[in-house]
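A.B. asks: Build the 3D model from these lines:
(one chain, ligands or ions: 1)
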Amino acid sequence: MAHYYMEPSRTFSEFLLIPNLTSKTCTPDNVSLKTPISKFKKGEQPDIMMNIPFTSAVMQSVSDHNMATALARCGGISFIFGSQSIEDQAAMVRKVKEYKAGFVVSRSNLKPEQTLRDVLRLKEENGHSTVAITEDGTSSGKLLGIVTSRDYRMSRDSLDKPIREFMTPFSSLIYGESGMSLPEANNLIWDKKLNCLPIVDEKQHLQHLVFRKDYDADKENPLGLLDANKRYIVGAGINTKDFMERVPALVDAGVDILVIDSSDGYSEWQYDTVKWVKENFNVKIGAGNVVDREGFLYLVEAGADFVKVGIGGGSICITREQKGIGRGQASSVIEVAEARQQYYEETGIYVPICSDGGIVHDYHITLALAMGADFVMMGRYFARFDESPTKKLKVGNNFVKEFWGEGSNRARNWQRYDTGGKQSLVFEEGVDSYVPYAGTLKENLDKTISKIKSTMCNCGSLSIEQLQETARITLVSATSLVEGGAHDVMLKDSTMSGE
Ligand code: RVP
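C.D. replies: The predicted model follows:
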């Protein structure tokens, strides 16, 4: 006979935190969001700690090398998407490991035969006023010139004016050569009063741009997550099909931590994959996703360094509708956290858990942490930023970014949903969508972190561990949810109702 869970499973929006006593020293400045991502023995330190409890989702539309460097700079970890060739994924990992602070890959590039109209379109799209002009219009083509807003006059110049007629040509540019260190590049920027220094290789191919403004910006990131060789820490998603080829290539590229990316991780496929990786490599590996105690313990027994929790709660996920499997995200985290705690008490081994998917409001993150998650994984949240790999478009009067699920026809990540048998995506478990464009990762993350720290102070907690131990959480009724928003007033400014 079937087993019934007669209590409904819950989402984060159905809970609130009740304040604890806030002492005078419990201020946001004193709150630490450091958190473990790999298992460790009682009394020892985990091999990898994050400085903020954020990871970005293993998705084509979220986590590439740009997102990974940007998030590591802020203290979190991206898991570079695995639904691409092994070579391409390893190349992305390598780019993060080889990234040199201050050296950025040019994101605004055009060809000399394009026009002022193209420059202005690009500027409106991504806000950059420096455009690299390369032979083939790519970020690594032969550098032929640079355009900045000083090179054209909107009132005089025709929009059809070809770029080659007004760009600063390569012959007049001051540039650096590849291999140059950041202090050398910065000296040149200061000596020659430049805003931007292009770095080219011996064939004049563009490698990087170094900006004056980044000189100070890098000092503003004291939380940057670095390995022992001062390189950014990066993760990558793998699957249970080609792991014997993919894992060696990723390890060779320098990956720090892997995660098996699957909508349902309670499977013998995952068990075998974790075991094989642990037996053959000295690399951390997370597994999932699970929504209950049994799934958690099974993956821990296989050797998982962390376990990812959540089925069907992702913003673009339609697994629950399509297949009727899943569980409310809060209930899943609560049950898995209890199992983790019991396992810790019995064995002295702490296995971090990750709440994956379904974060809509910033306070959901704090609730997930209070319920026992050590960190969260988010897709929609990060997809909205400049650093995500997708196109920024104008729809009506608003800027949006594209965002699609790994189970959509667009991503065709059949390995993620495979349950054996025929190798293809037979039906979709995800949608293709837009999310409102929200600016840079750093500015948004700073705001979210301020909110989390502020709530933690309300709860009298200076650390995530303390929050987990002392949080008091209440279920809220449907009627008290209404009470929680602005109500019974006429809003003057409709934008107030946003996050
Ligand atoms: P969200 O943060 O709510 O956007 O959720 C992101 C999560 O959704 C991912 O980390 C993954 O677990 C899940 N996902 C990704 N693709 C799909 C799908 O197509 N169904 N689901």
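A.B. asks: Of all the residues in the stretch 51-200 of the chain, which one is nearest the ligand?
C.D. replies: Closest approach between the stretch 51-200 of the chain and the ligand, counting by Cβ to the nearest ligand atom: Ala57, at 3.3 Å. Bear in mind the C-beta positions are built from the backbone N, C-alpha and C, glycine included.
A.B. asks: pretty sure that residue is touching Met378, no?
C.D. replies: Yes. Counting by Cβ atoms under 8 Å, Met378 is a contact partner of Ala57 at 6.2 Å.
A.B. asks: quick one: stretch 405-412 near the ligand?
C.D. replies: Yes. Stretch 405-412 lies within reach of the ligand by Cβ under 6 Å from any ligand atom, at Gly405, Glu406, Gly407, Ser408.
A.B. asks: Near Pro19, how many other residues are there?
C.D. replies: Neighbour count for Pro19, taken as other Cβ atoms under 10 Å: 11.
A.B. asks: if I look at it, how far off is Ala368?
C.D. replies: 18 Å (Cβ to Cβ, to the nearest Å).
A.B. asks: What of Lys230?
C.D. replies: 31 Å.
A.B. asks: These two: which has the busier surroundings?
C.D. replies: Neighbours of Lys230 and Ala368, each counted by other Cβ under 10 Å, are more numerous for Ala368; the result is 28 against 8.
A.B. asks: didn't the more buried one look like it was pressed against Asp356?
C.D. replies: No. With contacts counted by Cβ under 8 Å, Ala368 stays clear of Asp356, the gap being 9.7 Å.
A.B. asks: Return every residue with contacts to both of those two.
C.D. replies: Residues touching both Ala368 and Asp356 by Cβ atoms under 8 Å, 6 or more residues apart in numbering: Val376.
A.B. asks: Closest to the mean position in this protein, which residue would that be?
C.D. replies: The residue lying closest to the centre of the chain (Cα atoms, centre = their mean) is Ser56, at 2.4 Å.
A.B. asks: wait, isn't that residue in contact with Ile80?
C.D. replies: No. Using Cβ under 8 Å, Ser56 makes no contact with Ile80, being 9.2 Å away.
A.B. asks: which neighbours do those two share?
C.D. replies: Ser63, Ala68.
A.B. asks: Tell me how many other residues crowd Leu209.
C.D. replies: 24.
A.B. asks: what does the stretch 201-350 of the chain have sitting close to the ligand?
C.D. replies: When proximity is defined as Cβ under 6 Å from any ligand atom, the stretch 201-350 of the chain approaches the ligand at Gly314, Ser315, Ile316, Cys317, Thr319.
A.B. asks: And the furthest pair within these?
C.D. replies: Taking Cβ to Cβ, the two most distant members of those are Ser315 and Thr319; they sit 12.2 Å apart.
A.B. asks: Please name the residues that touch the residue nearest to the centre of the chain.
C.D. replies: 62-63, 67-68, 71, 76-79, 377-379, 382.
A.B. asks: quick one: which of those residues sit in helices?
C.D. replies: Judged by DSSP state H, helices contain the following of those: Met67, Ala68, Leu71, Phe382.
A.B. asks: Relative to Ile257, how far out is the second one?
C.D. replies: Just to be clear, that refers to Ala68. Ala68 is 12 Å from Ile257, where distance means Cβ to Cβ.
A.B. asks: Much appreciated, bye for now.
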